[in-house]
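> no letters, just coordinates:
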């Protein structure tokens, strides 16, 4: 697994661990297979009428997060 | 939830702790300058360290360890001298670096003693005294705009809150708490006091505005910025809101500030959550009341301070103003909230970003890097919200409209009501309103 994806997964896991009331249905990445140095948008579909968008920078920073009604 | 290890990491602030080391990269506001004019020697506890803040006879400031090297007497009873502070017991004199400068009655010449007290640099800005407790050289003191904004008057409210600093700061990362803490709770309290009609007859009352916070939420967001982060809520009429709109909430300034109201507004404020130790927070409500360019704010030499009550004579919490409503829920989470047991939901997304940002900055310091808002040379004025005020659109300067109408009774909803300047502030708000009405009338006349 590329280093970029490992970093993204680690941040994402940290976010999801903090939100146990969310039941995750699916997770998608843009770009789908981030390489080192690439920023990533993660879309998390959760049970209920909303989804979560996280912008994770290539250095592992959680630049932004938003929860949106579908 | 987070792990117990992470909870410790984010909350503990003593020397050598990860968060404590981060905090020691900043100039920390520790007391109002005006307090030292009343009492030139004050004992302070900051980041778990017991210290003495003093003003010497020449007006210079010092912050040194609290126990005399000689017989370990608490120096809070010390005597200010020309060059420093003398122990009240045998007169040992300490300078601002903590060095012992003189030992009376010990004969001359005196050999220099190797031990010294702690001694931290202190500076004054905007009526507050700041200390730097980290590795030297110290960064520059950040000139956040409310400290230096012209044509303004200021006052400083101080409270000691018996809980960990992060609970107070996380409140800032929580844009929806207002619906209950400042809306429904407010209504409940006023009803119990029999003051509901009297205090909330005008729909401008904060209670009505805040109750709407939870209705019609389309999106909740938090974005990291150069100096902290911004967060807010987007509303949808289709989901029950009164219109499609976006409401940005208070701006977070890393590591422990939040700004409510825009700089240049008739009322804006920094709430500063300084860790006293792991279970106590020195809460500073730094209030700035700015006049637009065509209205003159009264002159002010010294920024006064006050201590607003959080409890009444019977020991019951006072809950009929905004800061007190916040304070009670911070304390009610326990001395250090057990975040291993909490259940965050979708409205807590900004809190997750806040914690992540804190962890990111702790890690930077651990890796020998400078954290966010560490300035080698501060700009003359830093706008944490990103831009200076736009006086051409005065309605947008204050996020909560009631805060430009303190002269109409709305000061009652804020901690400001206890401040020594409140009557002056009401006069200023009245002048601002008169000016705005006049300008509006002239504008209407020109376009008629």
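It's in. Predicted model only: the values in this text are computed from it and were never measured. Numbering: from 1, shown residues only, chains lettered A, B, ... in the order given.
> all strands of the stretch 251-400 of chain B, in order?
For the stretch 251-400 of chain B, the strands defined by DSSP state E, counting those that start in this stretch cover B:251-253, B:257-260, B:268-277, B:280-290, B:305-306.
> next structured bit after the least confident helix or strand in chain B by mean pLDDT?
Every helix and strand in chain B was compared by mean pLDDT, DSSP states H and E; the lowest is helix B:206-211, with a mean of 84. Going down the chain from helix B:206-211, the next helix or strand is strand B:217-224, by DSSP states H and E.
> okay, buried residues for the least confident helix or strand of chain B please.
Buried residues in helix B:206-211, counted by 16 or more other CB atoms under 10 Å in any protein chain shown: B:206, B:207, B:209, B:210, B:211. Using the backbone N, CA and C atoms, a C-beta is placed for each residue, glycine as well.
> so which residues on the stretch 251-400 of chain B come close to chain A?
Counting by CB under 8 Å from any CB of the partner chain, the residues of the stretch 251-400 of chain B close to chain A are B:343-353, B:355-357, B:360.
> what subset of the residues you listed is buried?
B:344, B:346-353, B:355-357, B:360.
> in chain A, what residue spans correspond to strands?
In chain A, the segments counted as strands under DSSP state E are A:24-30, A:40-46, A:50-56, A:62-69.
> the inter-axis angle of the longest one versus strand A:40-46?
Which is strand A:62-69. Relative orientation of strand A:62-69 versus strand A:40-46 (axes from the mean of the first three to the mean of the last three CA atoms, to 10 degrees): 30 degrees.
> so what touches strand A:62-69?
A:11, A:15, A:39, A:49-57, B:217-224, B:236, B:239, B:346-347, B:349-350, B:352-353, B:356-357, B:360 (CB atoms under 8 Å, 6 or more residues apart in numbering or on different chains).
> now the buried members of those residues.
Among these, those classed as buried by 16+ other CB under 10 Å are A:11, A:15, A:39, A:50-57, B:217-222, B:224, B:346-347, B:349-350, B:352-353, B:356-357, B:360.
> give me the domain ranges for chain B.
B:27-132, B:145-446 (automatic domain parsing).
> starting at the chain centroid, how far to the shortest one?
By that I understand domain B:27-132. Domain B:27-132 has its C-alpha centroid displaced from the chain centroid by 25 Å (CA atoms, centre = their mean, to the nearest Å).
> what does stretch B:208-219 give?
Computed by CA atoms, centre = their mean, the chain-centroid distance of stretch B:208-219 equals 26 Å.
> and stretch B:171-182, by the same measure?
Offset of stretch B:171-182 from its chain centre (CA atoms, centre = their mean): 17 Å.
> give me the contacts around it.
Defining contact as CB under 8 Å, 6+ apart, one finds that stretch B:171-182 is touched by B:206-207, B:210-215, B:217, B:220, B:222, B:229, B:231-233, B:247, B:249-250, B:252, B:258, B:271, B:322, B:325-326, B:329-330, B:347-348, B:350-351, B:353-354.
> what about 7 Å?
B:206, B:210-211, B:213-214, B:220, B:231-233, B:249-250, B:252, B:258, B:322, B:325-326, B:329-330, B:347-348, B:350-351, B:353-354 (CB atoms under 7 Å, 6 or more residues apart in numbering or on different chains).
> not counting sequence-adjacent ones, nearest residue to the residue positioned nearest the centre of chain A?
Centroid-nearest residue in chain A, with CA atoms, centre = their mean: residue A:42, separated by 3.5 Å. Nearest in space to residue A:42, with sequence neighbours left out and distances taken as CB to CB, 6 or more residues apart in numbering or on different chains, is residue A:54 at 4.5 Å.
> so who does the one you found touch?
A:12, A:15, A:42, A:62, A:65.
> okay if I get the residues you listed as a markdown table plus pLDDT?
A markdown table is the format used below for the contacts of residue A:54 (pLDDT from 0 to 100):
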| residue | pLDDT |
| --- | --- |
| A:12 | 93 |
| A:15 | 93 |
| A:42 | 95 |
| A:62 | 96 |
| A:65 | 97 |
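> in stretch B:404-424, what's buried?
B:404-407, B:409-416, B:418-419, B:421-422, B:424.
> what's the span of that stretch, first residue to last?
13 Å (CA to CA, to the nearest Å).
> around residue 14, how many other residues sit close by?
Just going to use chain A. Residue A:14: 17 surrounding residues under other CB atoms under 10 Å in any protein chain shown.
> switch to chain B, please.
Residue B:14: 15 surrounding residues under other CB under 10 Å.
> which residues does it contact?
Applying CB under 7 Å, 6+ apart, the residues near residue B:14 are B:20, B:47, B:48, B:278.
> from these, which is closest to residue B:119?
Closest approach between those and residue B:119, by CB to CB: residue B:47, at 15.3 Å.
> and the closest residue to residue B:330 other than its chain neighbours, what does it touch?
Computed as CB to CB, 6+ apart, the closest residue to residue B:330 that is not its neighbour in sequence is residue B:167, at 4.5 Å. Counting by CB under 7 Å, 6+ apart, residue B:167 makes contact with B:330, B:333, B:337.
> what parts of chain A come near chain B?
Applying CB under 7 Å from any CB of the partner chain, we find that chain A lies next to chain B at A:14-15, A:17-22, A:50, A:52, A:61-69.
> in ChimeraX, how would I select just the buried ones from those residues?
Selection of buried members from the residues of chain A next to chain B for ChimeraX, criterion 16+ other CB under 10 Å:
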select /A:14,15,18,19,22,50,52,61,62,63,64,65,66,67,68,69
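> and the spatially most central residue of chain B, what are its bridge partners?
Chain B has residue B:272 as the residue nearest its centroid, 1.9 Å off, counting by CA atoms, centre = their mean. On the basis of DSSP bridges, residue B:272 is bridged to residue B:257, residue B:284.
> and it, how far is that from residue B:302?
Residue B:272 sits 19 Å away from residue B:302, going by CB to CB, to the nearest Å.
> likewise for residue B:268?
20 Å.
> out of the two, which sits in the busier spot?
residue B:268 (27 against 11).
> look up the closest residue to that one, ignoring the ones flanking it.
Once flanking residues are discounted, residue B:268 sits nearest to residue B:261: 3.4 Å by CB to CB, 6+ apart.
> for residue B:68, same thing?
Leaving out its chain neighbours, the residue that sits closest to residue B:68 by CB to CB, 6+ apart is residue B:87, at 4.0 Å.
> and residue B:231, how many neighbours does it have?
Using other CB under 10 Å: residue B:231 sits among 26 other residues.
> now render the strands of the stretch 251-400 of chain B as CSV, adding mean pLDDT.
Output for the strands of the stretch 251-400 of chain B, formatted as CSV (pLDDT from 0 to 100):
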stretch, mean pLDDT
strand B:251-253, 95
strand B:257-260, 95
strand B:268-277, 97
strand B:280-290, 98
strand B:305-306, 98
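> export these to CSV and tack on distance to residue B:298?
Listed next are the strands of the stretch 251-400 of chain B as CSV, based on distance: least, CB to CB, whole Å:
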stretch, distance to residue B:298
strand B:251-253, 27
strand B:257-260, 23
strand B:268-277, 17
strand B:280-290, 10
strand B:305-306, 17
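> low-confidence ranges in the chain?
Because you didn't say which chain, this covers chain A. Residue ranges of chain A with pLDDT under 70: A:1-3.
> chain B was what I was after
For chain B, the ranges with pLDDT under 70 are B:395, B:398-400.
> longest single helix anywhere in it?
Assignment by DSSP state H gives helix B:422-446 as the longest helix of chain B.
> what is the orientation angle of it with strand B:280-290?
40 degrees.
> ok, residues contacting stretch B:104-116?
Under the criterion CB under 7 Å, 6+ apart, residues B:69, B:90, B:91, B:98, B:99, B:100, B:103 lie in contact with stretch B:104-116.
> recalculate using a threshold of 10 Å.
B:64-65, B:69-70, B:86-87, B:90-95, B:97-103 (CB atoms under 10 Å, 6 or more residues apart in numbering or on different chains).
> one more: stretch B:35-43?
By CB under 10 Å, 6+ apart, stretch B:35-43 touches B:30-32, B:50-57, B:59, B:61-63, B:66, B:74-80, B:85, B:88, B:124, B:128-129, B:156, B:158, B:302, B:304-305, B:307.
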